[in-house]
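> any chance you can model this:
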Amino acid sequence: MCSIKKGYYMRNSIYKNRYAALLLLSVSLLGACKKDELESQDLLVFMTGEYGSYNNEIVIPFIHTPIDVSGNSVVKLAVSATREVAADVDVTLTPDTSLVAQYNKANKTNALALPASAYKIVNPKKYKIPSGKLSSDSVEIEITTPAALTNPGGYILPLTIGNIEGADRGVKISANRRTTYLFVTYAFNNVQATQVPVAGTLGARTGWVSSVSNTTAGALGPAMLDGSNTTYWRSSNSSTAAKWVIIDMASVQEIKGIRINPNYTSANENATAITVSTSQDNITWTVQGAWKGTGPATGSTAANPDLKGINFIAPVQARYFRLDITAWVSGSRVGIGELNVIK
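Model (predicted):
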């Protein structure tokens, strides 16, 4: 197997970076496999990965929330030949979980074997590459119990060409392209896709303490808790420095969301993407999800602010919350006017 080497850190993160990395690595893979037998004159039958690529992997992502699981539970693929076959070729596919450990070692992952009870091959049969064609009829796999698949490292189903039959005795199985790895990923999200604050009452901020990544002189962390919309916390003016806020609410309490008063000193400094985490002890943290929003509306002011809400799908029990700001309107600095929680 000519493997892609990749680091995979399973966090709520966001899948577009992973797909971009896979695309880049696929280019490297093709370069590294110039002597692959697929470049030979032999007529070979082989498996492909995402969208017919040669990376041998198909990612099947599922997003778990407190109320449901979303994702595409059915994946379709095909068996391919290096050139048009002169006669029909029948292909038998076999799940081979013995390859999971090899996959994890090669790719530095910690996935589990996908349990047999968690999937089914919808159309189990011999798959035919018809005479004069390059690929077989569709192979359809359904993930039947996605809600039960909660391993942060995900699950792997290696699907291997076990046998081929046909009148053309020159057809062979590719030695290093005979397997496709179906990678079922897990991510948790408890943040609603909205920025309008959820209805409720504001929690008392008695005893609250703020910690921040860095500051601009005269715009320190406590300004987010002083009850004034005209004072702000502002980060340092570094485009590379981390930008985060941790609030200690003094006691564990149930919250439905977090309300943000924008920074009107500079509207460009307002967050547009935040990773939200909570904790009861400041040691064990749960990433609740990723919030996306926009800068304050045109015409809004400190006196009439465009309030932003990070709303939880299910209420959270927490003493601490952390906001890791990953994107903002523009520039190198971020800022927040006020922070409250909604109960």
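
> residue ranges with poor pLDDT in the stretch 101-250 of the chain?
Across the stretch 101-250 of the chain, nothing is flagged by pLDDT under 70.

> gap between the longest strand along the chain and the chain center?
Looking across the chain with DSSP state E, the single longest strand is strand 308-328. Put simply, strand 308-328 sits 18 Å off its chain's centre (Cα atoms, centre = their mean, to the nearest Å).

> next one: stretch 283-302
On the basis of Cα atoms, centre = their mean, stretch 283-302 sits 19 Å off its chain's mean C-alpha point.

> may I see the buried residues of that stretch?
When burial is assessed from 16 or more other Cβ atoms under 10 Å, stretch 283-302 yields the following buried residues: 285, 287-291, 293, 295-296, 302. No exception for glycine: its C-beta is placed from N, CA and C like everyone else's.

> now intersect these with the helices, please.
Using DSSP state H, the subset of the buried residues of stretch 283-302 located in helices is empty.

> relative to residue 256, which of those is nearest.
Nearest to residue 256, judged by Cβ to Cβ, of the buried residues of stretch 283-302 is residue 288 at 11.9 Å.

> ok, the closest one - contacts?
12, 188-191, 276-278, 312, 316 (Cβ atoms under 8 Å, 6 or more residues apart in numbering).

> thinking again about what came up before, kindly indicate which of the buried residues of stretch 283-302 lies nearest residue 67.
For these, the nearest to residue 67 is residue 289 (13.0 Å; Cβ to Cβ).

> specify the beta-bridge partners of the closest residue to that closest one other than its chain neighbours.
Excluding the flanking residues, the one nearest residue 289 by Cβ to Cβ, 6 or more residues apart in numbering is residue 191, at 3.3 Å. Residue 191 forms beta bridges with residue 312, as assigned by DSSP bridges.

> count the residues that sit near residue 191.
By other Cβ atoms under 10 Å, the residues close to residue 191 number 22.

> enumerate every residue touching it.
Counting by Cβ under 8 Å, 6+ apart, residue 191 has contacts 276, 288-291, 310-313.

> and the residues you listed as JSON lines, adding pLDDT?
Below are these laid out as JSON lines (pLDDT from 0 to 100):
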{"residue": "276", "pLDDT": "99"}
{"residue": "288", "pLDDT": "98"}
{"residue": "289", "pLDDT": "98"}
{"residue": "290", "pLDDT": "97"}
{"residue": "291", "pLDDT": "98"}
{"residue": "310", "pLDDT": "99"}
{"residue": "311", "pLDDT": "99"}
{"residue": "312", "pLDDT": "99"}
{"residue": "313", "pLDDT": "98"}
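
> strands - which of the buried residues of stretch 283-302 land there?
Among these, the members falling in strands (DSSP E) are 285, 287-291.

> next one: residue 62 relative to residue 314, how far apart?
18 Å (Cβ to Cβ, to the nearest Å).

> from the buried residues of stretch 283-302, which is closest to residue 239?
The nearest member of the buried residues of stretch 283-302 to residue 239, counting by Cβ to Cβ, is residue 295 at 17.6 Å.

> my read: that closest one touches residue 329, true?
Yes: using Cβ atoms under 8 Å, residue 295 makes contact with residue 329 at a distance of 4.2 Å.
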